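J.: quick one: sequence plus predicted model below, questions after.
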Amino acid sequence: MAPTVERKKIDLAPLKAANVPIFFIVGGPGSGKGTQCDKIVAKYGLTHLSSGDLLRDEVKSGSPRGAQLTAIMESGALVPLEVVLDLVKEAMLIAIEKGSKGFLIDGYPREVAQGQQFESEIQEAKLVLFFDVAEETLVKRLLGRAETSGRADDNIDTIKKRLHTFVTSTAPVVDYYESKGKLVRINAEGSVDDIFGVVVANLDKVTSKI
Ligand SMILES: Nc1ncnc2c1ncn2[C@H]1C[C@H](O)[C@@H](COP(=O)(O)OP(=O)(O)OP(=O)(O)O)O1
Ligand SMILES: Nc1ncnc2c1ncn2[C@H]1C[C@H](O)[C@@H](COP(=O)(O)O)O1
Ligand SMILES: [Mg+2]
């Protein structure tokens, strides 16, 4: 039986009242989500929240919630929706208190239900940026990152499982937002700067509202 997830009541009123733009950043493992988010932050001043980073921070904190996460992440599976959404909400509230003017939510949603729950509890995403990269390239990038990242999931066994999870659980997210007219599909096989050029061209269309 799955372990019970510890949940706190989170007051979302300040986040909803701020009504700042929210962008979901989606792509396979190693597609360059974090790399592009760093560049977007530098140009647009949005707040970057990576659900994977929030989970790794939770593990490092030594909290009871964190203790349940290591095994799941090392198996390449998805962490339960409620755990991720609570971490994202808490981080968004802290950023709003500091005057955030909008969010890049990187690595979220990983399954359609995550997007639906986020949007019903918090706010609709303005756009979903999808970094489209072939599996072969993803593996190459992740094995390259493994040399310095220290990430427990940057190893070939976990990479294969993460790719499987992407195909089975996250690919439907791409179709879901495409059908809603919110998806920006970006071929992310090229250089970091060329990809960023395409990102900017798309974000500039909505910049006046950022
Ligand atoms: N366009 C690119 N060309 C070559 N290497 C790239 C490119 N973009 C990123 N990289 C490198 C940087 C990293 O070593 C690795 C993975 O990029 P990263 O931004 O960490 O991906 P990601 O955030 O989508 O992965 P994850 O889902 O595992 O967190 O690939
Ligand atoms: N949104 C998420 N839902 C469930 N599990 C997640 C989510 N974001 C990250 N995770 C878990 C599963 C991933 O394999 C690891 C690493 O995430 P990453 O975005 O690749 O840093 O964390
Ligand atoms: Mg990342």
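T.: Sure thing, it's come through. Ligands and ions are numbered 1, 2, ... in the order given.
J.: where along the protein do the helices fall?
T.: 13-18, 33-44, 51-61, 64-67, 69-74, 81-97, 112-121, 135-149, 156-165, 171-179, 192-204 (DSSP state H).
J.: of those helices, which is nearest ligand 2?
T.: Closest approach to ligand 2 among the helices of the chain is made by helix 51-61 (2.0 Å; CB to the nearest ligand atom). For every residue, glycine as well, the C-beta is placed using N, CA and C.
J.: ends of stretch 97-104, how far apart?
T.: One end of stretch 97-104 to the other measures 16 Å (CA to CA, to the nearest Å).
J.: what's the burial count for the closest residue to residue 59 other than its chain neighbours?
T.: Nearest non-adjacent residue to residue 59, counting by CB to CB, 6 or more residues apart in numbering: residue 66, 4.4 Å away. Residue 66 has 16 neighbours, counted by other CB atoms under 10 Å.
J.: what sits against residue 66?
T.: By CB atoms under 8 Å, 6 or more residues apart in numbering, the contact set of residue 66 is 58-60.
J.: buried among these? Make that a ChimeraX selection.
T.: The buried subset of the contacts of residue 66, as determined by 16 or more other CB atoms under 10 Å, is captured in ChimeraX by this line:
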select :58,59
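J.: adding distance to ligand 2, write the contacts of residue 66 out as CSV.
T.: Shown next, in CSV, are the contacts of residue 66 (distance: CB to the nearest ligand atom, whole Å):
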residue, distance to ligand 2
58, 10
59, 10
60, 13
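J.: between the contacts of residue 66, which sits nearest ligand 1?
T.: residue 59 (14.6 Å).
J.: what's across from residue 27 in the sheet?
T.: Beta-bridge partners recorded for residue 27 (DSSP bridges): residue 131.
J.: now for it: which residues touch it?
T.: By CB under 8 Å, 6+ apart, the neighbours of residue 27 are 33, 130-133, 188.
J.: now with 7 Å?
T.: By CB atoms under 7 Å, 6 or more residues apart in numbering, the contact set of residue 27 is 33, 130-131, 133, 188.
J.: closest to residue 107 out of those?
T.: Distance to residue 107, by CB to CB, is smallest for residue 33 among those, at 6.2 Å.
J.: so residue 96 touches residue 18, yeah?
T.: Yes. Counting by CB atoms under 7 Å, residue 96 does reach residue 18; the two are 5.0 Å apart.
J.: do the worst-scoring helix or strand of the chain on mean pLDDT and ligand 2 meet?
T.: Least confident element among the helices and strands of the chain, by mean pLDDT, DSSP states H and E: helix 64-67 (a mean of 82). No. Shown here: helix 64-67 not in contact with ligand 2 (CB under 6 Å from any ligand atom), separated by at least 12.1 Å.
J.: once you drop chain neighbours, what's closest to the spatially most central residue of the chain?
T.: By CA atoms, centre = their mean, the chain has its centre lying nearest to residue 107, at 1.8 Å. The shortest distance from residue 107 to any residue other than its chain neighbours is 4.4 Å, reached at residue 51 (CB to CB, 6+ apart).
J.: can you check residue 21 too?
T.: Taking CB to CB, 6+ apart, and ignoring the residues beside it in sequence, residue 21 has residue 102 as its nearest neighbour in space, at 4.2 Å.
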